[in-house]
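Novice: pasting the sequence and the predicted coordinates here, then a few questions.
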Amino acid sequence: MAERALQIREVGPQVTVQDLGRPGHAHLGVPRSGALDAPAHRLGNRLVGNHEGAATLECLGGLISFRTETAVTIAVTGAQVPVTVGGRGREWGNSVPVPAGSLVELGSATTGLRAYLAVSGGVEVEPVLGSRSTDLLSGLGPEPVSEGDVLPVGSPVKTPVAVETVRIPRRSRRLRVRLGPREDWFEASSVVALGASAYAVGSDSNRIGLRLEGDPIRWREDGELPSEGMVLGAVQVPPDGQPVVFLNDHPTTGGYPVIGVVVPDDLATCAQLRPGEEITLRVV
């Protein structure tokens, strides 16, 4: 019987295996990890007939190619990328059958930043602490995907969903933030101005944090805050005043004050923002 696996030919700047992460281990110093754009990850799995927690490939900027020895069904969601199977263009955001031996290629993202490749049966690398996710901070889980890797794929769970059209998500350029717990560490004028300032996404942003560049959020005075627990979406402000939004691979503790926390529904926006794009923060 032919092996159910993806034979990786080429990869872009970063391709990682992601599922819904490993929450619940922060007391051990282990981040939650998991797909940064969880709605896109879940949608891809639904389209190919997987349960929503099956592992997908998170492709920074798109850019991956592979073959499989057996017929599979794929779906590409998240960032919009060209999809070809055997040299023929296929649908983004839809169930796509892939005949055995076909070359599948994802091109560069035209909108958004992270594309999600779901395959029927899910990517079945060895789980660590209940998750198959790659964690770039702690190093848990599989290594980032490289050229020549062979990724095992599980057996299909149910029939893929036939969908005519998936609406392209409208990407907001605004992140809603709930103040606290340390807004009293900042100058009142900086807190008031928070919702009126535009910030550019920094080029050194990654799965650990979305780095923002703009008018500094100024501390009231120099001081030292004991390390405390951090949560997903925390907006931490180092002494230079340039905020960092903690994403899925964030450290579980930190010593800089947190001025607020991004509303969970807006975290998928963070996953798709490109370096240089501008956003605003809205206090709610």
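Specialist: On my side now, so go ahead.
Novice: spit out the contact partners of the residue nearest to residue 193 when sequence neighbours are not counted.
Specialist: Spatial nearest neighbour of residue 193, excluding adjacent residues (C-beta to C-beta, 6 or more residues apart in numbering): residue 215 at 6.9 Å. From N, CA and C alone the C-beta is placed, and that goes for glycine too. Residue 215 makes contacts with 193, 197, 241, as judged by C-beta atoms under 8 Å, 6 or more residues apart in numbering.
Novice: give me the next element, helix or strand, following the helix ranked longest in the chain.
Specialist: For the chain, the longest helix by residue count, based on DSSP state H, is helix 38-48. Per DSSP states H and E, the first helix or strand lying C-terminal to helix 38-48 is strand 56-60.
Novice: that next one pairs with which strands, and in what direction?
Specialist: If you go by DSSP bridges, strand 56-60 pairs up with strand 14-18 (antiparallel), strand 111-119 (antiparallel).
Novice: my guess is residue 47 meets residue 92, correct?
Specialist: No. Counting by C-beta atoms under 8 Å, residue 47 sits too far from residue 92 to count as a contact (10.9 Å).
Novice: contacts only, for the residue most central in space within the chain.
Specialist: For the chain, the residue sitting closest to the mean C-alpha position, by C-alpha atoms, centre = their mean, is residue 36 at 2.2 Å. Contacts of residue 36 were listed using C-beta under 8 Å, 6+ apart, and they are 18, 58, 114, 207, 247-248, 267-268, 270-271.
Novice: which ones among the residues you listed lie within helices?
Specialist: 267-268, 270-271.
Novice: now these in JSON lines, with neighbour count?
Specialist: Shown next, in JSON lines, are the ones in helices among the contacts of residue 36 (neighbours: other C-beta atoms under 10 Å):
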{"residue": "267", "neighbour count": "21"}
{"residue": "268", "neighbour count": "21"}
{"residue": "270", "neighbour count": "22"}
{"residue": "271", "neighbour count": "24"}
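Novice: next helix or strand past the helix-or-strand element of the chain with minimal mean pLDDT?
Specialist: Using mean pLDDT, DSSP states H and E, helix 188-193 stands out as the lowest-scoring helix or strand of the chain, at a mean of 92. Per DSSP H and E, the first helix or strand lying C-terminal to helix 188-193 is strand 198-201.
Novice: give me the contacts around that following strand.
Specialist: Residues contacting strand 198-201 (C-beta under 8 Å, 6+ apart): 210-214, 243, 273-281.
Novice: what domains does the record give for this structure?
Specialist: Domain assignment for the chain by automatic domain parsing gives 5-152, 174-283.
Novice: check the spacing between residue 226 and residue 233 real quick.
Specialist: 21 Å (C-beta to C-beta, to the nearest Å).
Novice: and the two? which has more neighbours close in?
Specialist: For residue 226 versus residue 233, neighbours defined as other C-beta atoms under 10 Å are more numerous around residue 233 (23 against 6).
Novice: contact partners for that one?
Specialist: Contacts of residue 233 by C-beta under 8 Å, 6+ apart are 245-246, 261-264, 266-267.
Novice: now it, nearest residue through space, not along the chain?
Specialist: residue 262 (3.8 Å).
Novice: same question for residue 223.
Specialist: Nearest non-adjacent residue to residue 223 (C-beta to C-beta, 6+ apart): residue 185, at 7.5 Å.
Novice: surely that neighbour touches residue 218?
Specialist: No. In this structure, residue 185 is not within contact of residue 218 by C-beta under 8 Å, at 10.0 Å.
Novice: so what's the closest residue to residue 83 other than its chain neighbours scoring on pLDDT?
Specialist: With C-beta to C-beta, 6+ apart as the criterion, residue 83 has its nearest non-adjacent residue at 4.7 Å, and that residue is residue 90. pLDDT, residue 90: 97.
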